[in-house]
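>>> Let me see the structure of the following:
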Amino acid sequence: MKVRNSLQDNLKAASAAIHKAAKELPAIIALPEYFSVPGCLSNFYSAEKISQSTSKQTIDFLSKISQEIPNIYLLGGTYLEEDTGKYYNTNTFWKNGSLLGKYKKKNPIKGEILVGVAKGNQPVVIDTEFGKIGLLVCADMFDPILVKQVTTLGAQILSLPVAAMGSHPTVKGHPLTEKVASDNGVFVLKVGNTYSSTIGGRSAIIAPWGILTEVSDSIEDRIITADLDMKRLSKYRKKNLNK
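Just a heads-up that it's a prediction; the model follows:
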């Protein structure tokens with residue numbers, strides 16, 4: 001998703017893409033990290049002010065748009081949530097307008113911490129009729145203990161909204177997420193924005209046996225889709241992980 005310079009422009013773009021994707025009747029639609037924040041991480045200056053100016057509108061949007069795509073799960077990217085005076089980068093999961101669960105990023109990056117983003121500490125895995133989904137955010141993938149906690153709780157699919165900052169080293173492909181997928185026997189839904197695509201935040205859908213699909217580096221909104229073969233996943237886990 002291209003990052004726009006206003007909250008309303010971001011929400012409008014997300015709405016258009018969600019409705020377009022919903023025409024294919026997918027099981028899940030997913031959004032990027034901080035998808036509604038103007039300029040995304042490039043304009044990070046105060047977690048409190050960003051939360052105050054974007055959080056309510058973002059949550060209202062996610063609830064409403066989820067009602068407009070009945071019976072489709074929505075991974076709502078992330079927003080800055082205020083909780084008892086602290087601000088968390090929070091990943092949400094919706095269906096039919098109802099919030100089914102949320103997760104506070106455990107590993108905010110240095111740029112987030114400097115502006116007041118707090119650290120979450122509770123892994124979250126949500127059960128659905130087609131499998132268990134673990135909620136993570138971006139740099140959480142660098143935390144092997146957290147990844148193991150989530151997979152031990154039974155996650156078969158990992159939600160990974162991302163948004164790489166300019167300080168992120170350029171990465172070819174998806175070496176970390178591919179390794180996490182293969183080592184743990186999980187699908188990874190990596191969803192980023194175009195500003196970060198060439199330095200590690202390129203969107204991709206990754207299986208334990210390889211990349212199913214990924215976006216190019218073109219600076220444009222894109223929708224990618226893939227079928228997640230849960231039976232093949234089960235066979236992979238039994239053969240390689242004894243699960």
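
>>> Can you tell me the closest non-neighbouring residue to the spatially most central residue of the chain?
Against the mean C-alpha coordinate of the chain, by Cα atoms, centre = their mean, the closest residue is residue 161 at 2.1 Å. Nearest non-adjacent residue to residue 161, counting by Cβ to Cβ, 6 or more residues apart in numbering: residue 33, 3.9 Å away. Every C-beta, even on glycine, is put in place using the N, C-alpha and C of the backbone.

>>> So what does the one you found look like in phi/psi?
Residue 33 adopts backbone torsions of phi -60, psi 140, taken as degrees, to the nearest 10.

>>> mind checking how far residue 183 is from residue 92?
Distance from residue 183 to residue 92, counting by Cβ to Cβ, to the nearest Å: 27 Å.

>>> Look at these two and report which has more neighbours.
residue 92 (25 against 15; other Cβ atoms under 10 Å).

>>> Would you mind pulling up the elements that the worst-scoring helix or strand of the chain on mean pLDDT packs against?
Taking mean pLDDT, DSSP states H and E as the measure, the helix or strand of the chain with the lowest value is helix 110-114, at a mean of 92. Applying 3 or more Cβ pairs under 8 Å, 6 or more residues apart in numbering; DSSP states H and E, we find helix 110-114 packed against no helix or strand.

>>> residues of whatever helix or strand comes next after that helix that come out buried?
Going down the chain from helix 110-114, the next helix or strand is strand 124-128, by DSSP states H and E. Residues of strand 124-128 classed as buried: 124-126 (neighbour count, 16 or more other Cβ atoms under 10 Å).

>>> And those, which is closest to residue 146?
residue 124 (10.7 Å; Cβ to Cβ).

>>> Appreciated, that's everything.
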